[in-house]
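> Next input, structure requested:
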Amino acid sequence: MMTAREQAIAKIHQIPESLIQEVSDFIDFLVWKHSGKESLVMAEFY
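Have a look, this model is predicted:
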């Protein structure tokens, strides 16, 4: 059985290259949201 991380990575491998940046941006958002404060990940957007 695959872990949730492995399942997510497998899904990323299946989507078109044109959607990869959107997925990456969403991951950055989730990291920021769950950090409780702005993190270095989001610094590139300012």
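
> in which helix or strand would I find the spatially most central residue of the chain?
What sits nearest the mean C-alpha location of the chain, by C-alpha atoms, centre = their mean, is residue 27, with 2.1 Å. For residue 27, the host element (DSSP states H and E) is helix 20-35.

> buried stuff in that helix?
Buried residues in helix 20-35, counted by 16 or more other C-beta atoms under 10 Å: residue 32. Every residue, glycine included, has its C-beta placed from N, CA and C.

> So which elements touch it?
helix 40-43 (3 or more C-beta pairs under 8 Å, 6 or more residues apart in numbering; DSSP states H and E).

> just to revisit the earlier point, avg pLDDT for the helix holding residue 27?
Mean pLDDT, computed over helix 20-35, is 92.

> Please put the alpha-carbon coordinates of that helix into PDB.
Coordinates of each C-alpha in helix 20-35 appear next as PDB, following Å, rounded to 0.1, in the frame of the first residue of the first chain:
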ATOM      1  CA  ILE A  20       2.900  21.500 -12.400                       C
ATOM      2  CA  GLN A  21       3.500  25.100 -11.500                       C
ATOM      3  CA  GLU A  22      -0.100  25.400 -10.200                       C
ATOM      4  CA  VAL A  23       0.400  22.300  -8.000                       C
ATOM      5  CA  SER A  24       3.700  23.800  -6.700                       C
ATOM      6  CA  ASP A  25       2.000  27.100  -5.900                       C
ATOM      7  CA  PHE A  26      -0.700  25.200  -4.000                       C
ATOM      8  CA  ILE A  27       1.900  23.300  -2.000                       C
ATOM      9  CA  ASP A  28       3.600  26.600  -1.100                       C
ATOM     10  CA  PHE A  29       0.200  27.900   0.000                       C
ATOM     11  CA  LEU A  30      -0.400  24.900   2.300                       C
ATOM     12  CA  VAL A  31       3.100  25.200   3.800                       C
ATOM     13  CA  TRP A  32       2.400  28.900   4.500                       C
ATOM     14  CA  LYS A  33      -1.100  28.200   5.900                       C
ATOM     15  CA  HIS A  34       0.000  25.600   8.300                       C
ATOM     16  CA  SER A  35       3.100  27.400   9.400                       C
END
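
> Sweet, I'm off.
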